[in-house]
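Trainee: Take a look and give me a structure for this.
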Amino acid sequence: MDTKDLRAAALTHLGALIAFDTTSRDSNLTLIQYVEAFLDGYGVASRRVVNADRTKSNLYATIGPSVPGGVVLSGHTDVVPVDGQAWSSDPFTLTRRGERLYGRGTCDMKGFLALALAAVPAFAKGQTARPLHLAFSYDEEVGCLGAPSMIRELVTGLPSPLAVIVGEPTNMEVVSGHKGISTWRVTVTGHEAHSSLTHLGISANMVAVGLMARLRDLATALEDHGNPASLYHPAHATLTIGLIQGGTAVNILARECSFVFDLRTPPGQDPDAIIAPFLAACGAEDTALKRQFSDAGVQVQRRSATPSFAPEIDGPAELLARRLAGDNGPARAVAYAAEAGQFQGAGFSTIICGPGSIEQAHQADEYMEITQFERGAAFMTRLCDAMA
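Mentor: Coordinates of the predicted model:
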């Protein structure tokens, strides 16, 4: 398949994909319908794996012969919000300015999805001896929530693939590992009273501040015990509190305060063991508060748990991706989390490699360099040739 033709087709797909507002809080079904219709035009059957209320869906499909040795191209369909960001152009309209393509999701990661779709015709027309598998997921940006249900079906339904390529933005360099991420929400319920009469109530905010101080101290301890030889940057596990909400007025003891935090761990570190002392402290605080007021307490809810992705140096996925990308560089790892760890945990040889830079993701005027898109197109062309 000609790289120039593939790139042109991918650019058309990218414009269509960017136009779908698939912010994680909303449905992704319009994008899924677009992909289904495109695949149907080539006689390719696809399968949805929906969420509980059927407002979102994963989608997977096999293009080409149903035989072992294929390649899975995995990517997420959701994007982060644009709320409050100062964009220079409509974030949901693909816009070229100079040598850059602007729009929400250009690099993270609809650019990769567009390139994957552009590779479909070569596989659908029988130009390859081994199949291409597409695996598009939902809610990656809020904890890789969608992919696991799809991966379970892939384990039983696919002829054993050679490799999974997760197309997160890596500048088309092969990435062999990522940190895991676990997120929790802590909700403190106090007892309202006038703020001058602290003996008649409990300020949820004051209790929450004490619990957050424990997390701050834990974050410092994790930083002090990083492994200098680690591939990851930063080398240590990280813990941050990303969201705090609490109170109704300055002169009322707060009835409720909640905060959300994430813990990102390199392979080999157990997030459950790290966080266990904090959870025990929350349990003790809950008991103490209930002794004062039965309606008070502390609740901890685990929101997500995405496993880390450990390097499989010289594994089938890494060898293939390096050959396709022309990458002879050192082993690399990233601090962000993706579905690569979930695929690896299910027994698939996995690698991360995709166009664009993570440094442009999640911000106003997100963009992908044209040169990155071209490198991605060349990668897909080589993949088609490699599967012949």
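
Trainee: who's in contact with the nearest residue to residue 71 once chain neighbours are set aside?
Mentor: Excluding the flanking residues, the one nearest residue 71 by Cβ to Cβ, 6 or more residues apart in numbering is residue 163, at 5.3 Å. C-betas here are computed from N, CA, C, even on glycine. When contacts are counted by Cβ atoms under 8 Å, 6 or more residues apart in numbering, residue 163 is found next to 71, 72, 316, 317, 320, 321, 348, 349, 350, 351.

Trainee: What's the local residue count around residue 17?
Mentor: Using other Cβ atoms under 10 Å, residue 17 has 25 other residues around it.

Trainee: Then the one 10 residues further on?
Mentor: Residue 27 is surrounded by 19 other residues when neighbours are defined as other Cβ under 10 Å.

Trainee: dump the residue contacts of residue 51.
Mentor: Per Cβ under 8 Å, 6+ apart, neighbours of residue 51: 57, 138, 139, 146.

Trainee: For residue 222, pull up the helix or strand it's in.
Mentor: Using DSSP states H and E, residue 222 maps to helix 204-224.

Trainee: care to break this structure down by domain?
Mentor: 3-177+308-386, 180-306 (automatic domain parsing).

Trainee: which of those domains sits most buried?
Mentor: Of all the domains of the chain, domain 3-177+308-386 carries the top mean neighbour count, a mean of 20, counting by mean count of other Cβ atoms under 10 Å.

Trainee: Straight-line length of it, end to end?
Mentor: 14 Å (Cα to Cα, to the nearest Å).

Trainee: got it, and stretch 114-133?
Mentor: Using Cα to Cα, the end-to-end distance of stretch 114-133 comes to 14 Å.

Trainee: Adding mean pLDDT as columns, could you present the domains of the chain in JSON lines?
Mentor: Output for these, formatted as JSON lines (pLDDT from 0 to 100):
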{"stretch": "domain 3-177+308-386", "mean pLDDT": "97"}
{"stretch": "domain 180-306", "mean pLDDT": "96"}
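
Trainee: residue boundaries of the helices in the stretch 1-150 of the chain?
Mentor: 3-19, 29-40, 111-118, 120-124, 147-157 (DSSP state H, counting those that start in this stretch).

Trainee: Oh, that last question was meant for the stretch 201-350 of the chain, not what I typed.
Mentor: Remark: helices assigned in the stretch 201-350 of the chain by DSSP H, counting those that start in this stretch are 204-224, 271-292, 316-325, 340-345.
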